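>>> This is the structure alone, sequence omitted:
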């Protein structure tokens with residue numbers, strides 16, 4: 001057999017054996033082993049501490065039923081626009097009413113605005129009262145008004161969020177307790193520091209969740225009332241086909257008063273500023289000029305009065 005044919009058969013046999021070996025290794029190769037954790041014991045315990053509460057979330061508080069209607073957390077907010085004779089006094093009365101109901105004042109503002117050419121007082125006050133007394137407070141506030149232009153009550157149901165936060169808090173506290181046990185049993189300084197950092201992070205999340213839960217509970221327990229207070233003088237203007245005669249009269253009177261003020265300002269300006277300045281200028285510059293002109297006039301008059309020189313005599317022939 002020629003050499004080149006023997007060489008070809010040898011190479012073909014070698015390739016076949018290589019393919020068979022690769023296939024056998026692929027079929028019999030075991031699954032890759034998980035990567036070993038650094039300092040295996042402590043870090044694996046930390047991972048277990050994080051994972052265990054999350055695995056229980058479906059069967060813990062999250063799996064409990066949402067509270068019924070009587071136990072639901074609803075944040076209620078009321079908005080009123082009322083018309084009264086004295087807005088500032090009414091705002092003070094609303095603040096006193098909220099305090100009598102064990103509530104408090106969130107904000108209060110009294111300002112003046114131009115309406116029909118006249119400056120009128122307006123007020124705005126926001127109070128919080130116990131949720132159970134919201135309807136009573138609204139009745140008493142509307143009783144103070146001559147007219148209620150707008151009344152709106154809105155509610156935000158935060159029960160689901162509160163339940164989720166409660167379940168998250170339960171899981172975070174379980175994680176914190178397990179991390180605390182791991183740190184108590186750790187002997188390596190590096191392990192203690194790592195566990196302490198994780199424990200601090202979990203404790204921070206616990207405080208955030210508790211703060212949010214407390215905010216939701218207080219907001220649901222105390223309803224807010226925002227009241228816009230307008231003066232009755234602004235609402236009582238006569239309106240005839242879009243024409244406001246009283247407003248036009250007030251505007252014309254206001255313009256007249258402004259014009260008189262402007263004229264008085266001009267007179268005061270002339271008397272107290274411009275006339276003294278002109279007097280000083282006349283004394284400083286006008287008097288010398290007047291004296292010079294007067295001297296020149298006198299000199300001209302003297303020259304005209306002087307007799308003409310006699311004409312020379314002519315000898316007779």
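That came in fine, so what should we check first? Remember, it's a predicted structure, so these values are computed and weren't measured experimentally.

>>> contacting residues around stretch 145-158?
With contact meaning C-beta atoms under 8 Å, 6 or more residues apart in numbering, stretch 145-158 is reached by 72-85, 90, 134, 138, 142, 216, 219-220, 228, 230, 232, 235. Quick note: C-beta positions are derived from backbone N, CA and C, even for glycine.

>>> These in helices, which ones?
90, 134, 138, 142, 216, 219, 220, 232, 235 (DSSP state H).

>>> Quick check, pLDDT for the third one.
I take that to be residue 138. Residue 138 carries a pLDDT value of 93.

>>> dump the residue contacts of it.
When contacts are counted by C-beta under 8 Å, 6+ apart, residue 138 is found next to 78, 80, 151, 153, 225.

>>> Going through those, which ones are buried?
Those of those that meet the buried threshold are 78, 80, 225, by 16 or more other C-beta atoms under 10 Å.

>>> from those, which is closest to residue 99?
residue 225 (13.1 Å; C-beta to C-beta).

>>> How about the closest one: which residues does it bridge to?
residue 78, residue 127 (DSSP bridges).

>>> Can you say which helix or strand has residue 172 in it?
For residue 172, the enclosing helix or strand under DSSP states H and E is helix 159-185.

>>> tell me which strands and helices that helix is in contact with?
Judged by 3 or more C-beta pairs under 8 Å, 6 or more residues apart in numbering; DSSP states H and E, helix 159-185 is in contact with helix 40-55, helix 189-221.

>>> my guess is residue 80 meets residue 227, correct?
Yes - if you go by C-beta atoms under 8 Å, residue 80 and residue 227 touch, sitting 4.7 Å apart.

>>> Give me the common contacts of the two.
Here residue 80 and residue 227 share the contacting residues residue 141, scored by C-beta under 8 Å, 6+ apart.

>>> residue ranges with poor pLDDT in the stretch 51-200 of the chain?
Under the criterion pLDDT under 70, the flagged ranges of the stretch 51-200 of the chain are 51-70, 116-117.

>>> give me phi/psi at residue 103?
Summarising the backbone geometry of residue 103 under the convention degrees, to the nearest 10, its torsions are phi -110, psi -160.

>>> burial measure for it, as a count.
Burial of residue 103, expressed as a neighbour count using other C-beta atoms under 10 Å, amounts to 21.

>>> and the closest residue to it other than its chain neighbours, what element?
Residue nearest to residue 103 in three dimensions, not counting chain neighbours: residue 129, with 3.8 Å by C-beta to C-beta, 6 or more residues apart in numbering. Mapping residue 129 onto the secondary structure by DSSP H and E places it in strand 118-130.

>>> can I assume residue 133 is in contact with residue 101?
Yes - in terms of C-beta under 8 Å, residue 133 counts as a neighbour of residue 101; the distance is 5.0 Å.

>>> re earlier: of the contacts of residue 138, which is the nearest to residue 260?
residue 80 (42.0 Å).

>>> In contact with that closest one, which residues?
138, 141, 142, 148, 150, 151, 152, 225, 226, 227, 228.

>>> change it to 10 Å
94, 125, 138, 141-142, 145, 148-153, 225-229 (C-beta atoms under 10 Å, 6 or more residues apart in numbering).

>>> so how far is residue 109 from the residue nearest to residue 103?
From residue 129 over to residue 109 the distance is 19 Å, taken as C-beta to C-beta, to the nearest Å.

>>> what's the answer for residue 254, then?
Distance, residue 254 to residue 109, by C-beta to C-beta: 26 Å.

>>> That concludes my questions; thank you for your assistance.
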